[in-house]
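Participant: Here you go, sequence then predicted model.
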Amino acid sequence: MRKNNGHRSSTRLLIAGLALLAALSCRPSSPETLPTLTPLPTTPTLSEATPVLEQTPEATPVSEDVPEATPQPDAGQVRKNLIRATVQVVALIESGARLQSVWSGSGTILSPDGLILTNYHVAVGYNPGFQPDGLGVAITARSDEPPEPSYFAEVVAADPDLDLAVIQIATDLDGRPVDKDQLNLNYVSVGDSDLLELGDLVQVLGYPGIGGETITFTEGSVSGFTRERGVDGRAWIKTDATIAGGNSGGLAANVEGTIIGVPTQAGRGGATPDDIADCRPIADTNGDGVIGDNDDCVPLGGFINALRPVNLAKPLIEGARAGIASVPQPGSGKAPQPSGQARFYNLVFAPDATDNDQPTQIVAQLPSGATSAVVFWDYEGMANGMIWEARWHHEGEYLEEASRPAGPWSGGARGNWWNGIINADGLPEGTYKVELYVQDELLAEGTIGVGGAATDVPAITNLAFSGTRAESGRPTDVGYLLPSGIDAVYAYFDYDNMRDGMTWSRVWSYEGEQITQDSDTWEGGASGTSWVSISTTEGALSPGSYRLELYVEQALVAASDFTVAGTQAQEAIGPITFAAGVDAQGNPVNPGTSFASGLEALHYVCDYAGMQDGMALAERWLLGGEEIVTFNQTWEWGESGIYHNSIYRTSGDPLVDGQYTLELYIEGQLVQTANATVGSGTPLPTPAPPPEGLYVVGYVYDADTGAGIPGAMFIVLQPGVTIESWDFSDEQVYTSAETDVNGYFELPLPLERGQSYSMLVLAEGYIPDGGNGIPIGDEPSPHNIEIELQRE
Amino acid sequence: MIASKTTPRRDRWADWAVILVVVAALGLGFLLRENTLYSYSSFAVGDGDISGCVPANWLREYGDDPLLQARDPRSGAFNTKLVLRTRPLAPEMEPILALQSLAMERADAVNAFRALETDQVAVGGRTAIQRTFTYVQADRNPYLDRLPVVVKGVDVVLQDAGRVILVTYLASVDTFDRDYRYFRDFVESIAF
């Protein structure tokens, strides 16, 4: 019997060959298409993640009875963004070939291209003899790890009086300039600190230590506000949140996740006013090779309970964005020294301060329901940079939430200053005491009571001045800056609760020295308007600072200062002429009010007369109606002449297009204003808010080992493009991301809600995964997903 | 008794047929695999006067400079890239100058750039200059943990009237040799 072994072996061989062929053929079956893909997992494995990427054949119809809900960010997502937007700022000095850290603080990223808000004392410092050579920026990648040193930054705007500064990320750690448009950093929007009310929640983030520590988070409530001269609106926001000193310059945000304040204090505070800031030498600042008492110390400890309202930083921020901000330095050489023994004297109280920093009226008692109390005082022998503070007490108890925290003086050597406490619900009744300290020394104190009904104490209010008077007796050109060359000054005021027969006095002073005093018996009735005057027989009143004090029955009831400057022929500052340049004689070159795009510097020229050295000059620039920078100077150019100045971008780039407005102030009084247009007049748009949509982050894992797959690519195609129709053109790709060594990725662009996308995950050695028409719902953003890939 | 077996002619033909079928099937499968893995798509850039072929399943991005960039999305932490660009060249200038400019431009943008050898090569019947270089690609995104990648690259300069055509191959040093064939096929496919 013959066995047919040949046929069976042939068959087996054929079958084996076909099997081998089939195995070899299990590669991509078509050069242009991908194999059938399994859909992405609809139930992510992370416990906090919720399904969002669902592959449905049809869109889920929306019930007509249920309105579409607007997706609201949850508190966790808001906090995550706040964490990522908080940075550590490290001041560095060059020590030989090394960079040495000398102090650190915190900062907040305000734009994706790396604009950061922090304190002046963090970015620059107040010691002119010790300035950092560089600023390092460490980014918060994860809240449970120390920040990662990532960039170097430059100061682009600063205000030492407010202790605020704006810095801009400039280079990476290799010193290579960064492409700001590609940074795409997490950032927070600037809120409105004026909308805050007592009891509102405040979230504070920052880095309390000198390094090696993780970010800290503190919550508290708004406990009070303070006001002071030189600051328009709220000067300080007080909070009951316990904030360590190193958080200075960091982020204070509201519940919406916008920045509303900057924790600011040089380490003063604590449970009692007697706590002393912890200031230690931590770097070899004098270069003698030893860190010791001969080196400058850095405040490290203490607690912060005060926030600078972010509204005060907005001009700095706008100026930094326009590139025209000023970066004042604390000066060369040693720290400024006072001209003599510092004195605070002539303390008086008023219900409020006028827009010209004068007391509305002078009182010894405030009625029940009073919402503010302001203390005014004269000073001399001071110097900018000296540390001062105002401590308020109520019935003997220290009011931390109302007191002005210790900070650098900015009022110059002599003048008049004020500080106030406010409570929109009414100040609690009782006795208030204010103590004024300079360099920890008590210089002056005063008390005022709050309570009872409004009394019939004589009141004189709205004290204002004029150099001329109409025949009708009405004042003309009332103000607080009068032209020199006049031979008389008329002071107008309203009065109430007066009685005929009362003794009343007028005391006029010039440059702090009394020049005349008169007393009379009142005959003007109980209420009305009246005036007094002073005149000279020596030609004209001299330029300078004057004061009028009014007394009734020997009690001071009103006082106000005014300044005489300019001439009868012209105001102190003449009309502003803008120009593209200025010649050696100070004459304008190519004057005008409209300039072509590409202008590198905008110059202006103006005449001045009747000025006096020592007067305060302020140049306030606005772009598109928004303040971008204010230059404060002390006049030092004599009585008359031609004054010129200019603005330009510190980067050297041309000025941005837009309408520029210049306002000139003398002694706080607006004397001139003018407008000029550069280019089309349409300014560059401010950074747009983060685009709406769903941000997707997550991990790509190996399905067998569970290990993250580095270098995997997550691709999202443009709406309407399917995986099968995709020709691998980059134009058809909406966004994509590559995983890092841990398999983690972040899609850079948000996915539009209500839209459907085709998504694809590719990795070398793995079977691609993905799906078509994946709808995007209204889940909170960012959304975490996990993807497992099978090996080929 | 000695049994002898004699395979009938018919059986022998059947065996040979099976072997042929298997070999043919293996060959067909191999060819199919090769065509699938190394299939190409054509392109035309620069007003259509420069054409060529790139791997079909690579991402392609067109623009003004570079004219074309194709990258393999599956090639790991650093996507293998093929780049095509042109640069003007004065008639009296040598094409090597274009390579020098490109090298300096690249050195300013990347870390640890180092030019290696420069050779003359034959490309599609034309003589071209080829330079090999290396640099380190570092991702500065602080939110992602990415290791720096040592990149090895090749620039080839093809001379045309009034311009040079620069073809660049970039790959991680780990995949440079493996993916080199894509570059070879790409540069030899370029017609202008």
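Facilitator: All right, it came through fine. Residues are numbered from 1 along each chain as shown, chains lettered A, B, ... in the order given.
Participant: just checking, residue A:316 is part of a helix?
Facilitator: Yes: when the secondary structure is assigned by DSSP: H, G, I helix; E, B strand; the rest coil, residue A:316 falls within a helix.
Participant: number of nearby residues for the spatially closest residue to it that is not a sequence neighbour?
Facilitator: With Cβ to Cβ, 6 or more residues apart in numbering or on different chains as the measure, residue A:157 is the residue that lies nearest to residue A:316, at 4.2 Å, once sequence neighbours are left out. Yep, even glycine has a C-beta here, placed from its N, CA and C like the rest. Each residue near residue A:157 was counted by other Cβ atoms under 10 Å in any protein chain shown, and the total is 31.
Participant: now residue A:754
Facilitator: Taking other Cβ under 10 Å as the criterion, the count of residues near residue A:754 is 13.
Participant: so it sits in a strand?
Facilitator: No: under the criterion used here (three-state DSSP), residue A:754 is coil, not part of a strand.
Participant: Would you mind measuring from the nearest residue to it once chain neighbours are set aside to chain B?
Facilitator: What sits nearest to residue A:754 in space, not counting adjacent residues and going by Cβ to Cβ, 6+ apart, is residue A:776, at 6.7 Å. In this structure, residue A:776 lies at 22 Å from chain B, with Cβ to the nearest Cβ, to the nearest Å as the measure.
Participant: show me the contacts for residue A:776.
Facilitator: Residue A:776 makes contact with A:52-53, A:693-694, A:751-757, according to Cβ atoms under 8 Å, 6 or more residues apart in numbering or on different chains.
Participant: ok, now residue B:54?
Facilitator: Under the criterion of Cβ under 8 Å, 6+ apart, the neighbours of residue B:54 are B:40-41, B:43, B:60, B:68, B:70, B:82, B:186.
Participant: now, among those residues, which is nearest to chain A?
Facilitator: Nearest to chain A among the contacts of residue B:54: residue B:60, at 5.5 Å, using Cβ to the nearest Cβ.
Participant: On the C-terminal side of the helix or strand in which the closest one is found, identify the next helix or strand.
Facilitator: Taking DSSP states H and E as the criterion, residue B:60 maps to strand B:59-62. Heading C-terminal from strand B:59-62, the first helix or strand you meet, by DSSP H and E, is strand B:68-71.
Participant: thinking again about what came up before, and the two most separated of the contacts of residue B:54?
Facilitator: For the contacts of residue B:54, the farthest-apart pair by Cβ to Cβ is B:40 and B:68; their separation is 13.2 Å.
Participant: out of those two, which sits in the busier spot?
Facilitator: When residue B:40 is set against residue B:68 and neighbours are counted by other Cβ under 10 Å, the residue ahead is residue B:68, at 21 against 18.
Participant: Touching, that one and residue B:42? I think so.
Facilitator: No: taking Cβ atoms under 8 Å as the definition, residue B:68 is not a contact partner of residue B:42, at 11.5 Å.
Participant: mind showing which ranges of the chain have poor pLDDT?
Facilitator: No chain in the question, so chain A it is. Across chain A, the stretches falling below the confidence threshold (pLDDT under 70) are A:1-74, A:127-129, A:209-212, A:265-287, A:289, A:295-303, A:325-340, A:473-475, A:567-570, A:681-692.
Participant: Actually, chain B is the one I wanted.
Facilitator: In the predicted model, chain B carries pLDDT under 70 at residues B:1-10, B:33-38.
Participant: just checking, next helix/strand downstream of the longest helix seen in it?
Facilitator: Among the elements of chain B assigned as helix by DSSP state H, the one spanning the most residues is helix B:9-37. Beyond helix B:9-37 on the C-terminal side, the first helix or strand identified by DSSP H and E is strand B:40-45.
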